[in-house]
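> with the input below, show me the fold.
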Amino acid sequence: MSDLFTSYPKSLRIIGDVHGDWHAFRHAVNTHHFIIQLGDLVDYGADSAKVMALMLKVIEEKRGLFIIGNHDRKLGLVLKGHKPRTDNALNETIEQIENYPDKNLSEKIIYALEQAPAWIVLKKLIFVHAGFHTRMLIESPPSNPLAQINPLLSRALYGETSNKMYKSGYPVRKLKWVNHIPEGYTLYCGHDCRSTDGRPWVRKGYAGGTAIFMDTGASKGGHLSWVDIPL
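All right, here's what the predicted structure looks like:
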(Lines give C-alpha, C1' and ligand atoms only; values in the text may rest on other atoms or scores of the structure.)
Protein backbone atom coordinates (compact mmCIF):
# COMPACT_ATOMS: atom_id res chain seq x y z
CA MET A 1 0.00 0.00 0.00
CA SER A 2 2.76 2.47 0.90
CA ASP A 3 4.19 2.23 -2.62
CA LEU A 4 0.94 3.60 -3.98
CA PHE A 5 1.12 6.68 -1.77
CA THR A 6 4.37 7.89 -3.34
CA SER A 7 2.76 11.32 -3.59
CA TYR A 8 0.24 12.05 -0.86
CA PRO A 9 -3.17 12.34 -2.49
CA LYS A 10 -5.14 15.55 -2.05
CA SER A 11 -8.47 13.82 -2.45
CA LEU A 12 -9.96 10.34 -2.52
CA ARG A 13 -12.70 8.64 -4.47
CA ILE A 14 -14.29 5.89 -2.40
CA ILE A 15 -16.06 3.25 -4.50
CA GLY A 16 -18.47 0.67 -3.16
CA ASP A 17 -18.96 -2.98 -4.07
CA VAL A 18 -18.65 -3.42 -7.85
CA HIS A 19 -19.63 -7.08 -8.30
CA GLY A 20 -18.64 -7.27 -11.93
CA ASP A 21 -20.34 -4.05 -13.11
CA TRP A 22 -17.58 -2.95 -15.50
CA HIS A 23 -19.63 -0.29 -17.29
CA ALA A 24 -20.19 1.66 -14.07
CA PHE A 25 -16.72 0.94 -12.71
CA ARG A 26 -14.92 2.35 -15.74
CA HIS A 27 -16.73 5.66 -15.17
CA ALA A 28 -15.94 5.58 -11.45
CA VAL A 29 -12.19 5.20 -11.99
CA ASN A 30 -12.06 7.93 -14.65
CA THR A 31 -11.01 10.59 -12.16
CA HIS A 32 -8.10 12.63 -10.86
CA HIS A 33 -8.88 11.50 -7.29
CA PHE A 34 -6.91 8.66 -5.69
CA ILE A 35 -9.18 5.61 -5.73
CA ILE A 36 -9.97 3.38 -2.75
CA GLN A 37 -12.33 0.60 -3.74
CA LEU A 38 -13.94 -1.16 -0.79
CA GLY A 39 -13.84 -4.77 -1.99
CA ASP A 40 -16.10 -7.30 -3.68
CA LEU A 41 -14.97 -6.41 -7.16
CA VAL A 42 -16.24 -9.73 -8.51
CA ASP A 43 -19.27 -12.05 -8.73
CA TYR A 44 -22.88 -11.54 -9.86
CA GLY A 45 -22.09 -9.24 -12.78
CA ALA A 46 -21.24 -10.17 -16.35
CA ASP A 47 -17.79 -8.57 -16.41
CA SER A 48 -15.88 -9.59 -13.29
CA ALA A 49 -12.75 -10.40 -15.31
CA LYS A 50 -12.84 -6.98 -16.99
CA VAL A 51 -13.38 -5.29 -13.63
CA MET A 52 -10.35 -7.05 -12.14
CA ALA A 53 -8.22 -6.22 -15.19
CA LEU A 54 -9.22 -2.55 -14.91
CA MET A 55 -8.49 -2.49 -11.17
CA LEU A 56 -5.05 -3.97 -11.84
CA LYS A 57 -4.44 -1.22 -14.42
CA VAL A 58 -5.40 1.45 -11.85
CA ILE A 59 -2.93 -0.08 -9.37
CA GLU A 60 -0.20 -0.28 -12.00
CA GLU A 61 -0.71 3.39 -12.78
CA LYS A 62 -0.47 4.14 -9.04
CA ARG A 63 -3.89 5.81 -9.13
CA GLY A 64 -5.56 3.69 -6.50
CA LEU A 65 -5.99 0.44 -4.59
CA PHE A 66 -8.69 -1.89 -3.34
CA ILE A 67 -9.56 -3.31 0.04
CA ILE A 68 -10.00 -7.08 -0.12
CA GLY A 69 -13.59 -8.28 0.27
CA ASN A 70 -14.97 -11.71 1.08
CA HIS A 71 -15.87 -12.43 -2.55
CA ASP A 72 -12.39 -11.40 -3.67
CA ARG A 73 -10.72 -13.61 -1.08
CA LYS A 74 -12.80 -16.64 -2.03
CA LEU A 75 -11.88 -16.10 -5.68
CA GLY A 76 -8.20 -15.93 -4.75
CA LEU A 77 -8.39 -19.19 -2.83
CA VAL A 78 -10.02 -20.98 -5.76
CA LEU A 79 -7.47 -19.60 -8.22
CA LYS A 80 -4.71 -20.89 -5.91
CA GLY A 81 -6.21 -24.38 -5.98
CA HIS A 82 -8.08 -24.40 -2.69
CA LYS A 83 -11.62 -25.73 -2.60
CA PRO A 84 -13.87 -23.45 -0.54
CA ARG A 85 -17.61 -23.65 -1.02
CA THR A 86 -18.42 -22.28 -4.46
CA ASP A 87 -21.65 -20.95 -5.92
CA ASN A 88 -22.99 -19.99 -9.32
CA ALA A 89 -21.72 -16.40 -9.06
CA LEU A 90 -18.17 -17.51 -8.28
CA ASN A 91 -18.23 -20.22 -10.94
CA GLU A 92 -19.28 -17.63 -13.52
CA THR A 93 -16.46 -15.32 -12.40
CA ILE A 94 -13.91 -18.10 -12.84
CA GLU A 95 -15.29 -18.86 -16.30
CA GLN A 96 -14.98 -15.19 -17.25
CA ILE A 97 -11.36 -15.15 -16.12
CA GLU A 98 -10.57 -18.35 -18.01
CA ASN A 99 -12.06 -16.86 -21.19
CA TYR A 100 -10.34 -13.48 -20.81
CA PRO A 101 -7.83 -12.65 -23.60
CA ASP A 102 -4.97 -12.17 -21.11
CA LYS A 103 -4.21 -15.77 -20.10
CA ASN A 104 -2.03 -14.51 -17.25
CA LEU A 105 -4.91 -12.67 -15.63
CA SER A 106 -5.48 -15.30 -12.94
CA GLU A 107 -1.85 -15.08 -11.79
CA LYS A 108 -2.03 -11.29 -11.73
CA ILE A 109 -5.22 -11.44 -9.69
CA ILE A 110 -3.67 -13.80 -7.15
CA TYR A 111 -0.69 -11.49 -6.70
CA ALA A 112 -2.93 -8.43 -6.28
CA LEU A 113 -5.14 -10.20 -3.74
CA GLU A 114 -2.13 -11.32 -1.73
CA GLN A 115 -0.97 -7.69 -1.55
CA ALA A 116 -4.37 -6.11 -0.88
CA PRO A 117 -4.95 -4.51 2.52
CA ALA A 118 -7.83 -5.74 4.65
CA TRP A 119 -8.23 -2.28 6.17
CA ILE A 120 -6.67 1.17 6.00
CA VAL A 121 -6.59 3.91 8.64
CA LEU A 122 -5.71 7.31 7.18
CA LYS A 123 -5.87 10.20 9.60
CA LYS A 124 -9.38 9.78 11.06
CA LEU A 125 -10.71 7.86 8.08
CA ILE A 126 -11.13 4.08 8.21
CA PHE A 127 -11.64 1.92 5.13
CA VAL A 128 -12.69 -1.72 5.44
CA HIS A 129 -14.91 -4.08 3.51
CA ALA A 130 -17.32 -5.35 6.15
CA GLY A 131 -16.82 -4.52 9.81
CA PHE A 132 -14.70 -2.66 12.34
CA HIS A 133 -12.83 -3.59 15.50
CA THR A 134 -10.91 -1.13 17.66
CA ARG A 135 -7.74 -3.23 17.22
CA MET A 136 -7.67 -2.05 13.61
CA LEU A 137 -6.58 1.36 14.92
CA ILE A 138 -3.37 -0.08 16.37
CA GLU A 139 -2.70 -3.24 14.35
CA SER A 140 -1.63 -3.52 10.72
CA PRO A 141 -3.64 -5.74 8.39
CA PRO A 142 -2.19 -9.17 7.55
CA SER A 143 0.60 -9.16 4.99
CA ASN A 144 -1.24 -11.80 2.97
CA PRO A 145 -5.03 -11.90 3.39
CA LEU A 146 -5.21 -15.17 1.44
CA ALA A 147 -3.29 -16.93 4.20
CA GLN A 148 -4.90 -18.33 7.35
CA ILE A 149 -7.79 -16.24 8.59
CA ASN A 150 -7.90 -14.83 12.13
CA PRO A 151 -10.69 -13.10 14.09
CA LEU A 152 -9.62 -9.58 13.06
CA LEU A 153 -9.43 -10.48 9.37
CA SER A 154 -12.78 -12.24 9.71
CA ARG A 155 -14.34 -9.05 11.09
CA ALA A 156 -12.86 -7.08 8.18
CA LEU A 157 -14.19 -9.52 5.58
CA TYR A 158 -17.55 -10.60 7.02
CA GLY A 159 -18.54 -8.07 9.65
CA GLU A 160 -20.42 -9.29 12.70
CA THR A 161 -23.02 -12.03 12.47
CA SER A 162 -25.62 -13.50 14.81
CA ASN A 163 -26.56 -17.15 15.24
CA LYS A 164 -29.74 -16.54 13.21
CA MET A 165 -30.09 -17.30 9.52
CA TYR A 166 -32.23 -15.84 6.76
CA LYS A 167 -34.30 -18.20 4.60
CA SER A 168 -31.67 -17.68 1.91
CA GLY A 169 -29.15 -19.45 4.12
CA TYR A 170 -27.08 -16.35 4.85
CA PRO A 171 -26.44 -15.28 8.45
CA VAL A 172 -28.15 -12.26 9.96
CA ARG A 173 -25.57 -9.49 10.26
CA LYS A 174 -25.29 -7.27 13.31
CA LEU A 175 -24.03 -3.69 13.41
CA LYS A 176 -22.94 -3.43 17.04
CA TRP A 177 -19.41 -2.75 15.80
CA VAL A 178 -20.55 0.68 14.58
CA ASN A 179 -20.95 1.74 18.22
CA HIS A 180 -17.21 1.24 18.79
CA ILE A 181 -16.02 3.65 16.10
CA PRO A 182 -14.36 6.46 18.10
CA GLU A 183 -15.67 9.99 18.07
CA GLY A 184 -14.31 11.99 15.16
CA TYR A 185 -13.67 8.93 12.97
CA THR A 186 -15.55 8.17 9.78
CA LEU A 187 -15.55 4.62 8.46
CA TYR A 188 -16.34 3.68 4.86
CA CYS A 189 -17.38 0.10 4.19
CA GLY A 190 -19.26 -2.08 1.73
CA HIS A 191 -20.59 -5.63 2.18
CA ASP A 192 -24.00 -4.70 3.61
CA CYS A 193 -26.47 -3.18 1.16
CA ARG A 194 -28.46 -1.15 3.69
CA SER A 195 -29.55 1.67 1.39
CA THR A 196 -33.27 2.25 0.91
CA ASP A 197 -33.03 5.25 -1.44
CA GLY A 198 -30.13 4.39 -3.75
CA ARG A 199 -27.65 6.48 -1.75
CA PRO A 200 -24.93 5.34 0.67
CA TRP A 201 -26.40 4.63 4.09
CA VAL A 202 -25.05 6.58 7.07
CA ARG A 203 -25.18 5.31 10.66
CA LYS A 204 -23.91 7.13 13.75
CA GLY A 205 -22.50 5.05 16.59
CA TYR A 206 -22.89 5.51 20.33
CA ALA A 207 -19.20 6.39 20.75
CA GLY A 208 -19.56 9.27 18.31
CA GLY A 209 -18.07 7.73 15.17
CA THR A 210 -19.83 7.35 11.83
CA ALA A 211 -20.11 4.46 9.38
CA ILE A 212 -20.98 5.03 5.73
CA PHE A 213 -22.16 1.92 3.89
CA MET A 214 -21.24 2.30 0.22
CA ASP A 215 -22.81 -0.87 -1.20
CA THR A 216 -25.89 0.19 -3.16
CA GLY A 217 -26.46 -3.06 -5.01
CA ALA A 218 -24.33 -2.99 -8.15
CA SER A 219 -25.18 -6.07 -10.30
CA LYS A 220 -27.82 -7.04 -7.75
CA GLY A 221 -30.67 -4.81 -8.83
CA GLY A 222 -29.09 -1.55 -7.69
CA HIS A 223 -26.18 0.52 -8.92
CA LEU A 224 -22.58 1.43 -8.15
CA SER A 225 -21.95 4.36 -5.79
CA TRP A 226 -18.89 6.42 -5.07
CA VAL A 227 -18.08 9.53 -3.05
CA ASP A 228 -15.22 12.04 -3.30
CA ILE A 229 -13.62 13.39 -0.13
CA PRO A 230 -10.79 15.93 0.33
CA LEU A 231 -7.84 15.27 2.60
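> quick check: next helix or strand after the helix or strand that contains Lys57?
Lys57 belongs to helix 48-60 when assigned by DSSP states H and E. Sequence order places strand 64-66 as the next helix or strand after helix 48-60, per DSSP H and E.
> that next one: partners in the sheet, and parallel or antiparallel?
Note on strand 64-66: by DSSP bridges, its sheet partners are strand 34-37 (parallel).
> hmm, back to that, which secondary structure elements does the helix holding Lys57 contact?
Helix 48-60 is packed against helix 22-28, strand 64-66, helix 88-98, helix 105-115, with contacts defined by 3 or more CB pairs under 8 Å, 6 or more residues apart in numbering; DSSP states H and E. To be clear about C-beta, it is placed using only N, CA and C from the backbone, and glycine gets the same treatment.
> among the ones you listed, which gets the worst mean confidence?
Lowest mean pLDDT of those: helix 88-98, a mean of 93.
> what residues does the most centrally placed residue in the chain make contact with?
In the chain, the centroid-proximal residue (CA atoms, centre = their mean) is Gly39; its distance is 1.4 Å. By CB atoms under 8 Å, 6 or more residues apart in numbering, the residues touching Gly39 are 17, 66-72, 129-130, 190-191.
> quickly name whichever of those is closest to Asn179.
Asn179 lies nearest to Ala130 out of the contacts of Gly39, by CB to CB, at 15.9 Å.
> and the pLDDT for the closest one?
For Ala130, the model assigns a pLDDT of 96.
> is it true that it touches Asp192?
Yes. Applying CB atoms under 8 Å, one finds Ala130 in contact with Asp192, separated by 7.4 Å.
> the two: which has the busier surroundings?
Using other CB atoms under 10 Å as the criterion, Ala130 and Asp192 rank with Ala130 on top: 27 against 19.
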